[in-house]
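Undergrad: Okay, predicted coordinates and the sequence, questions at the end:
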Amino acid sequence: MARLPTPGGDNGDWGTILNDFLSRIHSNDGTLKPNSVGSTQIQDNAVTSSAIAPAAITTDAIAPNAVTVEALAPNTIDDTVIADGSITNALIADATIEETKLASAVQAKLNATAPVTSVATRTGDVTLDKADVGLGNVDNTSDATKNSAVATLVNKRVTKRVGTIASSSNPTINTDNYDVFKITALATGVASFTTNLTGTPTDEQQLVIVIKDNNTARALTWGASFQSSGVASLPTTTVIGKIHRVGLVYDTQVSRWVCIAADASGY
């Protein structure tokens, strides 16, 4: 068992005995070994800010539960004496940190903001609903559900989505984006309205294609995505300088845009 040398005795062994005693808590460089200081070694109010070197408090220097409320003097704890990451739950005894143990500046920061006494005029164990925070018209309906919902319009005008180009031999028409598509100065024959046709049309969706040439008659070829009906035929040419309107409805039974109205003569 380690002990101090005995005065008048231990002749020739003083150095060995003393080194053995000191080595119990000191490393060879004189610093304290990890977990050397426990709560039983610290007197009440013995730990003050002036007694602690800057950044001296580290996890290696303090035994688990060594810091107790009795050991800390008032106004002791501030950021100059505690190394980063050194204070952990294992090192602090339960109910150790009280406001009076904190440095005055820290106490002032904690008390700077008045405590919450009520929420949305309610006190006690508060439960809020959407109206309490100004969101009374908000629900949890998913975007997918909203997008598929059926809306009924009464006395409303639906503005058509209109696309316009001057001329193209293979017009690019996305039926997801347009209800009306206009060609205003066709300078070449249309090789196919089908080639650059895109979109995912729904059954009975309507599309109007408006065609005017550049004062020279132009041939019109529609392609496999279009067909005439029993009441209207797809026009095959323009009339010089005239505007032609072709009304189409998508039929999922044949997967084609069916011509239901066409102004072949133009206006």
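TA: Thanks, I have it.

Undergrad: contact partners of stretch 187-194?
TA: Residues from elsewhere that reach stretch 187-194 (CB atoms under 8 Å, 6 or more residues apart in numbering): 166-171, 173, 209, 213-214, 216, 218-226. The C-beta positions use only the backbone N, C-alpha and C, and glycine is treated the same way.

Undergrad: Now do the buried residues in that stretch.
TA: V190, S192, F193, T194 (16 or more other CB atoms under 10 Å).

Undergrad: and those as CSV, adding secondary structure?
TA: Shown next, in CSV, are those (DSSP: H, G, I helix; E, B strand; the rest coil):
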residue, secondary structure
V190, strand
S192, coil
F193, coil
T194, coil
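
Undergrad: quick check, nearest of these to T152?
TA: Nearest to T152 out of those is F193 (CB to CB; 33.9 Å).

Undergrad: how close does the closest one get to T200?
TA: 17 Å (CB to CB, to the nearest Å).

Undergrad: I believe I260 is in a strand; please confirm or correct that.
TA: Yes. Under three-state DSSP, I260 sits within a strand.

Undergrad: That one contacts D251, correct?
TA: No. Using CB atoms under 8 Å as the test, I260 is too far from D251 to be in contact (9.8 Å).

Undergrad: Return every residue with contacts to both of these two.
TA: Joint contacts of I260 and D251 (CB under 8 Å, 6+ apart) do not exist.

Undergrad: Any chance of the buried residues of stretch 187-194 in CSV with pLDDT as columns?
TA: Compiled in CSV, the buried residues of stretch 187-194 are given as follows (pLDDT from 0 to 100):
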residue, pLDDT
V190, 98
S192, 98
F193, 98
T194, 98
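
Undergrad: which among these gets closest to A232?
TA: If you rank the buried residues of stretch 187-194 by distance to A232 using CB to CB, F193 comes first, at 15.5 Å.

Undergrad: What separation do you get for the closest one and I211?
TA: Noted for F193: a distance of 10 Å to I211, by CB to CB.

Undergrad: any common contacting residues for those two?
TA: In contact with both F193 and I211: L220, using CB under 8 Å, 6+ apart.

Undergrad: Can you mark which positions in the lowest-mean-pLDDT helix or strand in the chain are buried?
TA: Least confident helix or strand of the chain, by mean pLDDT, DSSP states H and E, is helix 104-111 with a mean of 71. Of all the residues in helix 104-111, not one is buried under the rule 16+ other CB under 10 Å.
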